[in-house]
Each structure stands twice: as C-alpha cells, then as structure tokens.
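1. sharing a sequence plus its predicted fold:
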Amino acid sequence: MSLLNHFIARTLPFVPKGIVRRVANRYIAGETTDGALQVVEGLNSRGIRATLDILGEHVHTREQAHQAAEEYLHLLEEIAKRRVDSTISIKLTQLGLKIDSRACFDLADRLVRRAKELNNFVRIDMEDSTCTSETLRTYRELRRSHSNVGVVIQAYLRRTVDDACSLEDLKPNYRLCKGVYVESREIAYRDMRVINRNYSYLLEKLLRNGSYVGIATHDELMVWEAFRIIRDLKLPATAYEFQMLLGVDDQLRDIIHAAGHNVRIYIPFGRDWYAYSVRRLRENPQLAGYVFKAMFK
Ligand SMILES: Cc1cc2nc3c(=O)[nH]c(=O)nc-3n(C[C@H](O)[C@H](O)[C@H](O)COP(=O)(O)OP(=O)(O)OC[C@H]3O[C@@H](n4cnc5c(N)ncnc54)[C@H](O)[C@@H]3O)c2cc1C
C-alpha cells in the first residue's frame, strides 16, 4: 500500500461522511431490501450465488437486537418469496451479544430455525477478537439442533488453528477469511506472508477434514493455493465455494466462475453503512485516488 493510501486509511474518521459514502457506494447494495434483492437477481442470472448482510453491529439495547432479528426474519421471507439464491450473513453483536449472550443465542436460534423451514442457511460472520470465543460457543450450541448454520474463522488470528482443531468433530461449514479488524500483535499475525501461509494451511486442513469451505478472498495467490489444494484432494465443486465481496474485483470473480467453481457474493445493504464502509475502504489499494476524485467532483 502506498504511503499516501496508508495515511488516508488512518485518517478516514476525519473524512466527511458524505465523501466516505460516495466512495463506498460500490460496496453496498443500497438501503432497501428490494434494492438488495435486485442485485441478488442480477448475480443469480449469471449463475452466481449471494449472501445478504443487513448492515449494523454492536447494538446498544435489547430492542435494537430484536428489531435486527425481525428485519432478518423479513429478509428470509422475501428471499423465499422471490425465489432468489441467497443465504443470510449475521453478526452476533447486532443480535445483542455484548448485552445478553443468552438472549442473543435465542434470537440466532430463531433465525436459524426459520431459515431451516424455508430451506435456507445462516452464516455467522466473525467480528473482532473480543467476540471470538463467544461466537464459536454460540455456533457449537446452535449445531446441537441445527445443521443449516455456518461460521467464519480468520487466518490472521494466532488462535485459529486451535479453534479449528477443537471444532473438528462438528465438521463445520466454514467461511475462511484473512480477518479485517484491527488487532494487537499478541492476538493476530501482522506479517501478510504469515497470514497467507496460515490461510492455505487452514484451508487444506479444513477441506481434508471434510468441512465445506467458503473460500473468502480476492487475493490471487490464495485463489491459486485453493486451486492447488482442490486439485490435490480431487474435490468435487460441491465441496467448497469461492466467496467475494460486492464491489471488489469482478474480473477475478468471473475468472473463477468461468473455470467451473461456485461463487457467492457477500451483499451488504441497509442504513447503517458507515463502519462496514470504513473497513472496506481501508483495504482498497486505490483508496487515495478515490477519495481525491470524490472530493473534487
Ligand atoms: C465473502 C467475504 C466475507 C467476509 N467476512 C468476514 C468476516 O466475517 N470477518 C472478517 O474479519 N472479515 C471478513 N471478510 C474480510 C476479509 O477478512 C478480508 O479483510 C478481505 O477479504 C481482504 O482480504 P483478501 O483475502 O481479499 O486479501 P488482501 O490481501 O487484503 O487483498 C487482496 C487484493 O484484493 C483487492 N482488495 C481487497 N479488498 C479490497 C477492497 N475493499 N477494495 C478494493 N480492492 C480490494 C486488492 O486488489 C488486494 O490487493 C470477508 C471477506 C469476504 C470476501
């Protein structure tokens, strides 16, 4: 990343929200369910799957947590009604994890139960490291009664290999990503070479153990590693899928899909766009150019 990009990424909190919004538009499918479902339909018509995320995290009250669950229940109904190929992705802090973990579990359980009735699937996103243990515990508990739920693990965390070992008996449906939150060096690897080695080590381990893996990356090197592992293990295309974020590298998405692999796009939408947008912009190698263009438009 260039020095200027690095500087702008660090000072993003001081960039006016209007500019952040303009630059981050590419990553978000608008504010409404209808708009987001139109994006899903467009992707489905090209043979690409979706997972929908209603933006929002770290709610402050039980009412907000209930409201978020209601919105997800409505979304599940709309997905079924419009017969689109999309799962949902949820964040446990949006369901009140930090307020009352028992009540959060009950809300997650309701979503997974309704998803099962509608023949759908719930993915639990992974948030910052203060949520990791509780998220994995919730996942394990949900798996006692449901199979249509999956979880995310992050290759940058030092603990992740141990977590994967301790979940081995469940053969979880995983999404494997590098990890996006700012973590201390004690908790997360900082060196991208190590994160990449850990990513391919984990991917091979999970697939060998029979887990279905959502290979979530836009990094060509990790995609190459995935191709290598899939070939070595002689895996059918039903044993994994590639996952990418809306607005990031459509060309790579199409290359992977044209090579015969399933691809799912993560589609966030809703009013609470700021935190997600900042995380995405910080990773964009063209951030500085985009911000300057938006400022002078
Ligand atoms: C489907 C999906 C779900 C995810 N869910 C989670 C989650 O639950 N928890 C979590 O911590 N993280 C999640 N992430 C984010 C992930 O952890 C990484 O932060 C992010 O994907 C960037 O890592 P990378 O593997 O693409 O590699 P990188 O090395 O970061 O990026 C590789 C290349 O991709 C391109 N690129 C990456 N990001 C951007 C961007 N924002 N804009 C433009 N170009 C970009 C650049 O060309 C870059 O050089 C998810 C990612 C995906 C794809």
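-> Everything's here; your move. This one's a predicted model, so the numbers in the text were calculated from it and none came from an experiment.

2. after the helix or strand hosting residue 142, which helix or strand is next?
-> Residue 142 is part of helix 132-143 when elements are defined by DSSP states H and E. Taking DSSP H and E as the definition, the helix or strand that follows helix 132-143 towards the C-terminus is strand 149-154.

3. return the set of buried residues in the helix or strand following that following strand.
-> Once the chain leaves strand 149-154, the next helix or strand it forms, by DSSP H and E, is helix 160-166. Of the residues in helix 160-166, those buried by neighbour count under the rule 16 or more other C-beta atoms under 10 Å are 160, 163, 164. Every C-beta, even on glycine, is put in place using the N, C-alpha and C of the backbone.

4. give the contact list for the residue nearest in space to the middle of the chain.
-> What sits nearest the mean C-alpha location of the chain, by C-alpha atoms, centre = their mean, is residue 125, with 5.4 Å. Neighbouring residues of residue 125 by C-beta atoms under 8 Å, 6 or more residues apart in numbering: 53, 89, 90, 91, 152.

5. from the ligand, how far out is residue 156?
-> Shown here: residue 156 relative to the ligand, a distance of 8 Å by C-beta to the nearest ligand atom, to the nearest Å.

6. got the residues of this structure near the ligand?
-> Where the chain comes near the ligand, counting by C-beta under 6 Å from any ligand atom, the residues are 125-126, 152, 154, 175, 177-181, 216-219, 222, 243-245, 248-249, 266, 280, 283-285.

7. in helices, which of these appear?
-> When DSSP state H is applied, the residues of the chain next to the ligand are split such that 222, 280 fall in helices.

8. derive a PyMOL selection command for the buried subset of the residues of the chain next to the ligand.
-> Command for PyMOL that selects the buried part of these, burial taken from 16+ other C-beta under 10 Å:
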select buried, resi 125+126+152+154+175+177+178+179+180+181+216+217+218+219+222+243+244+245+248+266+280+284
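
9. mind checking which of the residues of the chain next to the ligand land in strands?
-> Assignment to strands by DSSP state E places the following of those there: 152, 154, 175, 177, 216, 243, 244, 245, 266.

10. adding pLDDT, write these out as TSV.
-> Formatted as TSV, these follow (pLDDT from 0 to 100):
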residue	pLDDT
152	98
154	98
175	98
177	98
216	98
243	98
244	98
245	97
266	98
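
11. closest one of those residues to residue 14?
-> Residue 14 has its nearest neighbour among those in residue 245, at 24.7 Å by C-beta to C-beta.

12. what's opposite the closest one in the beta bridge?
-> Here residue 245 shows beta-bridge partners residue 266, assigned using DSSP bridges.
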